[in-house]
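>>> From the sequence below, what's the structure:
(one chain, ligands or ions: 1)
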Amino acid sequence: MQRIKVALGARSYSIVVASGLVDRLSEHLPTGKKALITTKEINKLYCERVAQAIGEHTLILVPDGEEAKQWNVLENLLGGLLDSGLDRGSTIIALGGGSVGDLAGFAASIYMRGIKIVQIPTTLLAMVDSSIGGKTAINHPRGKNLVGSFWQPSLVLIDPLFLETLPTREIRSGLAEVIKYGVINDPELFKLLESKNPESLTAEDMVEIVARCAATKARYVEQDEEDRLGIRAALNYGHTVGHAVEKLTNHDVNHGEGVAVGMVVAALISMEHGLLREKEYQLIIKLIEEYGLPTKLPEIDFSEVVKVMHKDKKAESGNIVFVLPTGIGKAPALRQVGEPTIRKALEANR
Ligand code: GLY
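I've put the predicted structure just below:
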């Protein structure tokens, strides 16, 4: 079992990573009334096991994916919490991927002016990213994640056993974020990934990998909890182009796949800026390929890519802020990049 502390003063909490944690949840959970928030699909797969491990609780089911992150779903969820008599000493348990965690986290932040939430992520993406750090949100018709709050969980419980039922493509999507942590902060993680491939990763490897990613994320969150200082922004390596590609392909290219291509484009720009050597650029590409992730852009209009990136809040005075890798496991640089350089990198990456 690995325990990582997120040190945020009064809002500090632990991230516990262990195989088989799902059967020992009650050892870790706070006392008081509890509501378990999850989807029908996850409930079907894990209801008996989880319900038994949590003990007495109210179950509230929410839709899968982005469908969960809507006003009406939030309102129904809050109604369910009121009906079940949850009070200010109670705890919400979010069991699911990023969407369930975002919705439940936001509900926890506003229900009775804020109650405890325990995050139990079931996807690799949520394990290494969204369950940690307190970003919560629902969507608005005008855009994703436009309404939300920073509300740190009281605890994050990660059991890689949940990954056994996750489709391979989803695991790979999460592995793109894992590679990101290797590049921006953790050379040993990068080496560990180089020494393996997606098929040879064991359950123990996954505990090690997830714990290493969680530790990196925790350090960034501690230094820049509300993402205002340009420190936490480093976690967006690969995301600037990645988000645009996801959006322009109507999510045919999933999050991790977008991030994978985005990491390559950012690495190219980084070489152009003299921040990254060709040798390290090649190592990044090789690892992304070995994990079955794309390194080339799909057939999309590059002008649209640039337009979407400009719309993104990272755009400043015509330039777009990129997270540029400076080596393997080294802190990246945040730089404003002009359109000609971006276009050149996109063209080179067809
Ligand atoms: N997913 C990036 C962050 O939590 O800041």
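
>>> all helices in the stretch 1-150 of the chain, in order from the N-terminus.
Ranges of helices within the stretch 1-150 of the chain are 40-54, 71-83, 98-110, 124-125, based on DSSP state H, counting those that start in this stretch.

>>> Counting neighbours, which bits of the second one end up buried?
Read it as helix 71-83. Using 16 or more other Cβ atoms under 10 Å as the test for burial, helix 71-83 gives Val73, Leu74, Leu77, Leu78, Gly80, Leu81. Bear in mind the C-beta positions are built from the backbone N, C-alpha and C, glycine included.

>>> ok, so of these, who is nearest the ligand?
Distance to the ligand, by Cβ to the nearest ligand atom, is smallest for Leu74 among the buried residues of helix 71-83, at 20.4 Å.

>>> count of neighbours near the nearest residue to the closest one once chain neighbours are set aside?
Closest residue in space to Leu74, ignoring its immediate chain neighbours: Ile138 at 5.6 Å, by Cβ to Cβ, 6 or more residues apart in numbering. For Ile138, the count of nearby residues is 21 (other Cβ atoms under 10 Å).

>>> residues touching Ile138, list them.
Lys69, Gln70, Trp71, Val73, Leu74, Asp102, Leu103, Phe106, Asn145, Val147, Gly148 (Cβ atoms under 8 Å, 6 or more residues apart in numbering).

>>> Need the per-residue pLDDT for it.
With respect to pLDDT, Ile138 scores 98.

>>> Specify the beta-bridge partners of it.
Val147 (DSSP bridges).

>>> re earlier: can you redo the helices of the stretch 1-150 of the chain as a markdown table with mean pLDDT and distance to the ligand?
Formatted as a markdown table, those follow (pLDDT from 0 to 100; distance: least, Cβ to the nearest ligand atom, whole Å):
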| stretch | mean pLDDT | distance to the ligand |
| --- | --- | --- |
| helix 40-54 | 94 | 21 |
| helix 71-83 | 98 | 20 |
| helix 98-110 | 98 | 9 |
| helix 124-125 | 98 | 10 |
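
>>> Identify each buried residue in the longest helix seen in the chain, please.
Criterion DSSP state H: the longest helix present in the chain is helix 203-223. By 16+ other Cβ under 10 Å, the buried positions in helix 203-223 come out as 206-218, 220-222.

>>> Please compute how far that helix lies from its chain's middle.
12 Å (Cα atoms, centre = their mean, to the nearest Å).

>>> Does the ligand have contacts with that helix?
No: Helix 203-223 does not reach the ligand (Cβ under 6 Å from any ligand atom); its nearest approach is 7.0 Å.

>>> Just the CA trace of the very next helix or strand once past that helix, in CSV.
Where DSSP states H and E defines the elements, the next helix or strand beyond helix 203-223 is helix 239-248. C-alpha atoms of helix 239-248 as CSV (Å, rounded to 0.1, in the frame of the first residue of the first chain):
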residue,chain,number,x,y,z
HIS,A,239,-3.4,19.4,-23.7
THR,A,240,-3.3,22.6,-25.7
VAL,A,241,-3.3,20.8,-29.1
GLY,A,242,-4.9,17.7,-27.5
HIS,A,243,-8.2,19.5,-26.5
ALA,A,244,-8.5,21.1,-29.9
VAL,A,245,-8.0,17.7,-31.6
GLU,A,246,-10.6,16.0,-29.3
LYS,A,247,-13.1,18.8,-30.0
LEU,A,248,-12.6,18.9,-33.8
